[in-house]
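Trainee: sequence-free structure coming up:
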């Protein structure tokens, strides 16, 4: 009987040792969580239970972060409510003193926890600062007796100093949350102080500080937080501060008060422009720019209308300069939202100034001239959105004039000239707007085609209407020849047809024989001349066609 060679025994022993080693490594990996299934030779029994890493992370978030936030915030609110109670047997400043001591204690504990419990440390520090500012508010508000009045210089300076401390610490630590808390404290101070000049100055300073800090930190959060706070604080002040129990109404305040809104609009818009350079921040920056003008200017407009009626023209002109200047600042942005909203707000301010300054019906002349300025600005800004919006506004102004005007004074002709000039501007610089279809030019030309017959019908005597319309047709033919644009020829053709229809309906029965005959003769002669001219041009084009390299251009 053959026996197995002796040299195979060491191999078997080595294989057995390797299997035991792999089984031991598999058990160690399963115990440490590296492997959720025990797949080893010779291992028996169920795999040890495992816990999902996502569940651990969620539990960590809730247990350590959110419970810490809620707990610390709840304690701070509870302390604040306790301090706000009236204490008849204590000096008026005693609750505030206790609040300051507790605030310092929280900040000290936050410093001791730093490093080991960083999350708890941050929440304790913020709560301590908020409690310190509330203690300053307690000096002037809440309870039956107050150590200082918010209307006094001491009370106003105390509140301003408390807010400044939070802002300074937020800047030193480069903390967006602490700086936002400081902005909230500063805005509260601006509303709480009794001096309008100090409150408005604080709003402007906070707006500029938030814009500069956002650019310095490279974060939009300070700007987006300061924006609603600034406009809300100004609106509360302009409504006579009903939060402090005053009668609701519009107040005038210092003559420079509306300038605060312009400072805020300019600061926020210029700062957000720094973030609108492509990438993921574009959406937030565009939304901020849009809301800045869409909220800031209406607050400005309503306050100047309500309290500065005599100076309305100057204030609106100033707003127009600032907003249109911001539109040029945003002109290089890809989406063009900033340029659009700032430009339209600026031209709205210019319209308000025109409406206030110009009498009726001359105001429509200036508004129509403004339409040309808007189009020229839109071409410079390369904004198709402004072109479309301006056309809607132009038609609205024209319709308002037709409804309001008691008699025609030639202003309608001005609207027609504006339409022709605008169409020519769009044709001249169409490459800047990428208006390949020419839709807006056709819209303006259509308005001109309708408005000139309307104006001439009301301006000239009825006997001369048909002759005046023939003159308009000749003007269109002349423009077509000078500008080499066939659209004007079609307008001339249509005007001649309209004249023929007018003579057929009204000329035969209503015109005197002399003018009726003259109108028919002139119109017929023009039709014949136009026909002969086109016959000759067509013959010339056919004769030249074989000698040209390509199709001719009209």
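Mentor: Nice, I can see it. Please read all numbers here as calculations on a predicted model, not as lab measurements.

Trainee: burial measure for residue 478, as a count.
Mentor: 12 (other Cβ atoms under 10 Å). For glycine as for every other residue, the C-beta is placed from the backbone atoms N, C-alpha and C.

Trainee: what's near enough to touch it?
Mentor: Neighbour list for residue 478: empty [criterion: Cβ atoms under 8 Å, 6 or more residues apart in numbering].

Trainee: Over to it: give its phi and psi.
Mentor: The phi and psi torsions at residue 478 (degrees, to the nearest 10) take the values phi -60, psi -40.

Trainee: Could you check the pLDDT of it?
Mentor: Looking at residue 478, its pLDDT reads 85.

Trainee: quick one: contacts of whichever strand or helix holds residue 165?
Mentor: Counting by DSSP states H and E, the element that carries residue 165 is helix 153-172. For helix 153-172, contacts defined as Cβ under 8 Å, 6+ apart pick out 129, 132-133, 136-137, 139-140, 148-150, 175-183, 185-186, 188-189, 192-195, 198, 202, 209, 213.

Trainee: Pull out the buried residues from those.
Mentor: The neighbour-count criterion (16 or more other Cβ atoms under 10 Å) marks 129, 132-133, 136-137, 139-140, 148, 150, 175-176, 178-183, 185-186, 188-189, 192-194, 198, 202, 209, 213 among those as buried.

Trainee: lowest-pLDDT helix or strand in the chain?
Mentor: None of the helices or strands of the chain scores lower by mean pLDDT, DSSP states H and E than helix 53-60, at a mean of 55.

Trainee: Following the chain onward from it, which element is next?
Mentor: Later in the chain than helix 53-60, the nearest helix or strand by DSSP H and E is helix 67-84.

Trainee: quick one: that next one to chain centroid distance?
Mentor: Centre-to-centre, helix 67-84 and its host chain are 37 Å apart (Cα atoms, centre = their mean, to the nearest Å).

Trainee: what does stretch 218-232 give?
Mentor: Counting by Cα atoms, centre = their mean, stretch 218-232 is centred 13 Å from the centre of its parent chain.

Trainee: Numbering from 56 from now on, please.
Mentor: Okay, using 56 as the starting number, the last item reads as stretch 273-287.

Trainee: So which residues make contact with it?
Mentor: Residues from elsewhere that reach stretch 273-287, judged by Cβ under 8 Å, 6+ apart: 231, 234-235, 238-239, 242, 258, 261-262, 264-266, 268-269, 316, 319, 323, 326-327, 330, 336, 339-340, 343, 346-347, 350-351, 354.

Trainee: Would you check that residue 480 makes contact with residue 427?
Mentor: Yes - between residue 480 and residue 427 there is a contact under Cβ atoms under 8 Å: 7.3 Å.

Trainee: any low-confidence regions in the stretch 56-205 of the chain?
Mentor: Applying pLDDT under 70 to the stretch 56-205 of the chain flags residues 56-73, 76, 79, 83-124, 170-173.

Trainee: what are the ranges of the helices in it?
Mentor: Applying DSSP state H, counting those that start in this stretch to the stretch 56-205 of the chain gives helices spanning 64-87, 108-115, 122-139, 149-168, 173-195.

Trainee: now the fourth one against helix 122-139, angle please.
Mentor: By that I understand helix 149-168. With axes from the mean of the first three to the mean of the last three Cα atoms, to 10 degrees as the basis, helix 149-168 and helix 122-139 are set at 160 degrees to each other.

Trainee: Tell me how far helix 149-168 lies from the chain's centre.
Mentor: 42 Å.

Trainee: close enough to count as contact, residue 436 and residue 381?
Mentor: No - contact criterion Cβ under 8 Å: residue 436 and residue 381 do not qualify, at 11.3 Å.

Trainee: Please report phi then psi for residue 278.
Mentor: Dihedral pair for residue 278: phi -70, psi -50, per degrees, to the nearest 10.

Trainee: Now it: closest residue in space, sequence neighbours ignored.
Mentor: residue 269 (4.1 Å; Cβ to Cβ, 6 or more residues apart in numbering).

Trainee: Check which helices and strands whatever helix or strand that neighbour lives in sits against.
Mentor: Assigned by DSSP H and E, residue 269 belongs to helix 251-272. Counting contacts by 3 or more Cβ pairs under 8 Å, 6 or more residues apart in numbering; DSSP states H and E, helix 251-272 packs against helix 208-227, helix 231-247, helix 276-293, helix 312-328.

Trainee: For that helix, buried residues please.
Mentor: The neighbour-count check on helix 251-272 (16+ other Cβ under 10 Å) flags 251, 253-266, 268-270, 272 as buried.

Trainee: Now that helix: average pLDDT?
Mentor: In this model, helix 251-272 has an average pLDDT of 92.

Trainee: Contacts for that helix, please.
Mentor: Contacts to helix 251-272, defined as Cβ under 8 Å, 6+ apart, come from residues 211, 215, 222, 226, 229, 231, 234, 238, 241-242, 244-246, 248, 275-278, 280-282, 284-285, 288-289, 292, 306, 308-309, 312, 315, 318-319, 322-323, 325-326, 329.

Trainee: burial count for residue 535?
Mentor: So residue 535, with other Cβ under 10 Å, has 18 neighbours.

Trainee: Just give the nearest non-adjacent residue to it, would you?
Mentor: residue 543 is the one closest to residue 535 (Cβ to Cβ, 6+ apart), at 3.7 Å.

Trainee: Just the element for the one you found, please.
Mentor: According to DSSP H and E, residue 543 maps onto helix 541-557.

Trainee: Kindly report the same for residue 481.
Mentor: Judged by DSSP H and E, residue 481 forms part of helix 466-483.

Trainee: From the contact counts, what lies against that helix?
Mentor: With contacts taken as 3+ Cβ pairs under 8 Å, 6+ apart, helix 466-483 sits against helix 417-436, helix 439-459, helix 494-514.

Trainee: switch the cut-off to 6 Å
Mentor: With contacts taken as 3 or more Cβ pairs under 6 Å, 6 or more residues apart in numbering; DSSP states H and E, helix 466-483 sits against helix 417-436, helix 494-514.

Trainee: model confidence over the longest one, on average?
Mentor: Confidence over helix 494-514, taken as the mean pLDDT, stands at 81.

Trainee: list the buried ones in it?
Mentor: 495-496, 498-500, 502-504, 506-508, 510-511.

Trainee: for the shortest one, same thing?
Mentor: Applying a neighbour-count criterion of 16+ other Cβ under 10 Å, the buried positions in helix 417-436 are 418-423, 425-427, 429-430, 432-434, 436.

Trainee: does residue 388 sit in a helix, a strand or a coil?
Mentor: What DSSP: H, G, I helix; E, B strand; the rest coil gives for residue 388 is coil.

Trainee: ok, it touching residue 331?
Mentor: Yes - Residue 388 lies in contact with residue 331 (Cβ atoms under 6 Å); the separation is 5.0 Å.

Trainee: starting at the chain centroid, how far to whichever helix or strand residue 521 is part of?
Mentor: Assigned by DSSP H and E, residue 521 belongs to helix 520-538. Remark: helix 520-538 is offset 45 Å from the chain centroid, using Cα atoms, centre = their mean.

Trainee: tell me the angle of that helix relative to helix 494-514?
Mentor: 150 degrees.

Trainee: on that earlier part again, any chance of JSON lines for the helices and strands packed on helix 466-483, columns distance to residue 554?
Mentor: Listed next are these as JSON lines, based on distance: least, Cβ to Cβ, whole Å:
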{"stretch": "helix 417-436", "distance to residue 554": "26"}
{"stretch": "helix 494-514", "distance to residue 554": "8"}
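
Trainee: Looking at these, which is nearest to residue 468?
Mentor: Among these, helix 494-514 comes nearest to residue 468, with 4.7 Å by Cβ to Cβ.

Trainee: Pull the distance from the closest one to the chain's centre.
Mentor: Mean-position distance between helix 494-514 and its chain equals 34 Å (Cα atoms, centre = their mean).
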